[in-house]
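need a 3D model of the sequence below.
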Amino acid sequence: MDKEPRKFDFDKMLEPYREGGTQNHRIKRTYGTMLDWLVNKKKYPIDIAGAGLLILFLDLDKGKVFKGDGTYGSAGRAMVTNLRFICDALLKRKLRNKFFKKIAEDKVQEVSAFMAITAVNAQPFFLRPFSATWWSIIGTVPNERVITGF
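Model (predicted):
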């Protein structure tokens, strides 16, 4: 009862959208040319471009159809525009995750600094300069001459 993995026929799914370029300067859209266009011309990271193409082909496999305005290559332009929207959404999500991760790291540092200051402030004022936490807060190592006065 082993299921064989489903195989995509990328060429068959891409066939209605192969026409690209203009009437005078025609290009043939392939998986490779679209990946090259996303990475080299539109400057998407390779992981975003690959994921966007995969999502696009999954949509095509589910039956999504792109219609143009009837001019040469308009259906392909509609598909590529949708591909750019997909890649933009993926890139925004990736950047948002990085941003929130950075905010979380900064918050952890702020909380740990607050806890250190609170620990120092809990001590009597005349013992605070001798606390190891105090020296880590002000960012220096105590000099023996300063502490003893010799």
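
list the contacts of the residue most central in space within the chain.
Geometric centre of the chain, nearest residue: Lys94, 2.2 Å, by C-alpha atoms, centre = their mean. With contact set as C-beta atoms under 8 Å, 6 or more residues apart in numbering, Lys94 has these partners: Ile48. Just so you know, the C-beta spots here come from the backbone N, C-alpha and C atoms, and that holds for glycine as well.

same thing with Glu105?
Glu105 neighbours (C-beta under 8 Å, 6+ apart): none.

for Ile117, see how far away it is.
When distance is defined by C-beta to C-beta, to the nearest Å, Glu105 is 19 Å away from Ile117.

repeat for Lys28
Distance of Lys28 to Ile117, given as C-beta to C-beta: 65 Å.

what of Phe57?
For Phe57, the distance to Ile117 - C-beta to C-beta - is 55 Å.

of those two, who's got more company?
Phe57 (18 against 13; other C-beta atoms under 10 Å).

check which helix or strand that one maps to.
helix 46-62 (DSSP states H and E).

pull out the buried positions in that helix.
Neighbour-count burial for helix 46-62 flags 48-53, 55-57, 59-60 (criterion: 16 or more other C-beta atoms under 10 Å).

likewise stretch 5-25?
13-14, 17-20.

chain center to it, what's the gap?
28 Å (C-alpha atoms, centre = their mean, to the nearest Å).

same question for stretch 18-32.
On C-alpha atoms, centre = their mean, the centre of stretch 18-32 falls 29 Å from the chain's centre.

where does the prediction get shaky in the protein?
1-2, 119-120, 125, 127-150 (pLDDT under 70).

which stretches of it form strands?
Secondary structure of the chain (DSSP state E): strands at 19-21, 26-28.
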